[in-house]
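J.: what's the 3D shape of this:
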Amino acid sequence: MEFKLEVKDSKSKARAGIVKTDHGTIETPIFMPVGTAATVKAVHQRELEEDIKAQIILGNTYHLYLRPGLEILQKAGGLHQFNSWKKPILTDSGGYQVYSLAHRRKIKEEGVKFSSHIDGSKHFFTPENVMDTQRIIGADIIMAFDECTPYPCDYKYAKRSMHMTHRWLKRCCDRFDSTEPIYGYKQTLFPIVQGSTYKDLRTESAEKIASFEREGNAIGGLSVGEPAEEMYAMTDLVCNILPEDKPRYLMGVGTPVNILENIALGVDMFDCVMPTRNARNGMLFTKNGIMNMRNQKWKDDFSPIEADGASYVDTFYSKAYLRHLMVSKEILGAQIASIHNLAFYIWLVNEARSRIVDGTFYEWKEKMVIQLAERL
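T.: Residues are numbered from 1 along each chain as shown. The predicted structure follows:
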């Protein structure tokens, strides 16, 4: 993987760059739709490419490991062949699922024992076998195995967890560097900064992660319930430490406002389930604010979902029709809303990139964060 920093904004820390992988080029800042179980929910790959214009998608190591399983994925030739997505893929390591399945797992220095949420079967993740698993899945960018601490988090626990994450990272790097890709194209390993919302821990972790000199770096353990101001403070702190000539990936973030504010702090890559999850519940994101499509006010509104929506997706359905689909629990409603939200997120980061390049990002961002938070 290669990263080229093209432009830096003069009034913020926002950047525009290019990431090159063996499956294609990614223009940053970028939003990556989440395809947890080898699919971005309710969206065809054709729509991802042609309508949404996604440049990269995510897969989830924990879920793919359990189902369809590594044997099937390896027989298929990796995730790209299995789900017919020919552009770049990033996989997380399963660390977040370890965090979210607290009642089903036990963390030790060697690794994590957990019970499957599907059938209760017992499994064991280590830094080494998570690297092997992601080799088999075959993503272009893979994540180091870490522990994502909850919020709020006791200082002593956060410090102990962070140091274990650093020790696990050394084991991940050793295993990754001693093995080869399976499918004939290169893979890249990103370490993950942890440290909860403690400045000294985040500083220590960012410095430690940077010392491994990998091709890119991730920031984890945020967007787990902390106030947005704390997220921004930690991101700002970490971005000031992580090397400028490598991409920075803020994991699991977030709302459109979160994304713009973190771009302004120097983040290049984002992912979040919010566009699709909220879409399935009837929430749409637009340039002018947030719409709950189940609201009575849209019942006889026959205008397009967004009047100038063609600028990021051809949304020719009316608000009234989409509301009808939502209240009727028709599958098409979830599909239309998911395509709309993902296309909006991609439009948002693309527009941010254009504004960074032409020097108008900061003023545009300040206006947009007010609009995007409005409830329509």
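J.: if I read this right, residue 77 contacts residue 184, doesn't it?
T.: No. Residue 77 is beyond contact range of residue 184, at 9.6 Å (criterion: C-beta atoms under 8 Å). (C-beta placed from N, C-alpha, C; glycine too.)
J.: Looking at the two, which has the bigger crowd around it?
T.: Neighbour totals were compared for residue 77 and residue 184, and residue 77 leads with 13 against 10 (other C-beta atoms under 10 Å).
J.: On the pLDDT front, check that one for me.
T.: Residue 77 is assigned 98 on the pLDDT scale.
J.: State the distance from the closest residue in space to it that isn't next to it in sequence to residue 353.
T.: What sits nearest to residue 77 in space, not counting adjacent residues and going by C-beta to C-beta, 6 or more residues apart in numbering, is residue 183, at 6.1 Å. Look at residue 183 and residue 353: by C-beta to C-beta, to the nearest Å, they are 30 Å apart.
J.: Residue 151 now?
T.: From residue 151 over to residue 353 (counting by C-beta to C-beta), the distance is 30 Å.
J.: Which one of the two is surrounded by more residues?
T.: Remark: of residue 151 and residue 353, residue 353 carries more neighbours, 22 against 17, as counted by other C-beta under 10 Å.
J.: Thought residue 31 was touching that one, still the case?
T.: No. Here residue 353 lies out of contact with residue 31, judged by C-beta under 8 Å, at a distance of 10.9 Å.
J.: which residues in the stretch 1-150 of the chain form strands?
T.: Along the stretch 1-150 of the chain, the stretches classed as strands by DSSP state E, counting those that start in this stretch are 2-8, 15-21, 24-28, 30-32, 57-60, 89-92, 105-107, 112-115, 122-125, 141-143.
J.: Output these in JSON lines, with mean pLDDT and mean neighbour count appended to each entry.
T.: Listed next are the strands of the stretch 1-150 of the chain as JSON lines, based on pLDDT from 0 to 100; neighbours: other C-beta atoms under 10 Å:
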{"stretch": "strand 2-8", "mean pLDDT": "98", "mean neighbour count": "14"}
{"stretch": "strand 15-21", "mean pLDDT": "98", "mean neighbour count": "20"}
{"stretch": "strand 24-28", "mean pLDDT": "98", "mean neighbour count": "19"}
{"stretch": "strand 30-32", "mean pLDDT": "98", "mean neighbour count": "25"}
{"stretch": "strand 57-60", "mean pLDDT": "97", "mean neighbour count": "24"}
{"stretch": "strand 89-92", "mean pLDDT": "97", "mean neighbour count": "27"}
{"stretch": "strand 105-107", "mean pLDDT": "88", "mean neighbour count": "15"}
{"stretch": "strand 112-115", "mean pLDDT": "92", "mean neighbour count": "18"}
{"stretch": "strand 122-125", "mean pLDDT": "94", "mean neighbour count": "16"}
{"stretch": "strand 141-143", "mean pLDDT": "98", "mean neighbour count": "27"}
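J.: Put together CSV for the ones you listed, with distance to residue 261 on each row.
T.: Output for those, formatted as CSV (distance: least, C-beta to C-beta, whole Å):
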stretch, distance to residue 261
strand 2-8, 17
strand 15-21, 14
strand 24-28, 16
strand 30-32, 14
strand 57-60, 21
strand 89-92, 22
strand 105-107, 32
strand 112-115, 32
strand 122-125, 33
strand 141-143, 23
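J.: Can you tell me which of those strands is nearest to residue 347?
T.: In terms of C-beta to C-beta, the element of the strands of the stretch 1-150 of the chain nearest to residue 347 is strand 30-32, at 9.5 Å.
J.: Quick check: residue 214 touching residue 191?
T.: Yes. Counting by C-beta under 8 Å, residue 214 touches residue 191, with 5.6 Å between them.
J.: More neighbours: those two, which one.
T.: residue 191 (29 against 21).
J.: confidence score at the more buried one?
T.: pLDDT recorded at residue 191 is 98.
J.: Could you report the distance from residue 278 to residue 305?
T.: Residue 278 is 14 Å from residue 305, by C-beta to C-beta.
J.: which stretches of the chain aren't confidently modelled?
T.: For the chain, applying pLDDT under 70 flags the ranges 99, 308-311, 314-315.
J.: Okay, helices next: where are they in it?
T.: Along the chain, counting by DSSP state H, helices occupy 45-50, 61-64, 70-76, 79-83, 95-100, 127-137, 155-177, 199-211, 228-239, 256-263, 274-280, 319-327, 331-358, 361-372.
J.: Check which helices and strands the fifth one sits against.
T.: If I follow you right, that is helix 95-100. Packing contacts for helix 95-100, counted by 3 or more C-beta pairs under 8 Å, 6 or more residues apart in numbering; DSSP states H and E, involve helix 61-64.
J.: just the second one next, same as before
T.: Secondary-structure packing of helix 61-64 (3+ C-beta pairs under 8 Å, 6+ apart): strand 89-92, helix 95-100, helix 127-137.
J.: so what's residue 371 up against?
T.: By C-beta atoms under 8 Å, 6 or more residues apart in numbering, the contact list for residue 371 reads 287-289.
J.: nope, residue 300 is what I was after
T.: Residue 300 is in contact with residue 320, counting by C-beta under 8 Å, 6+ apart.
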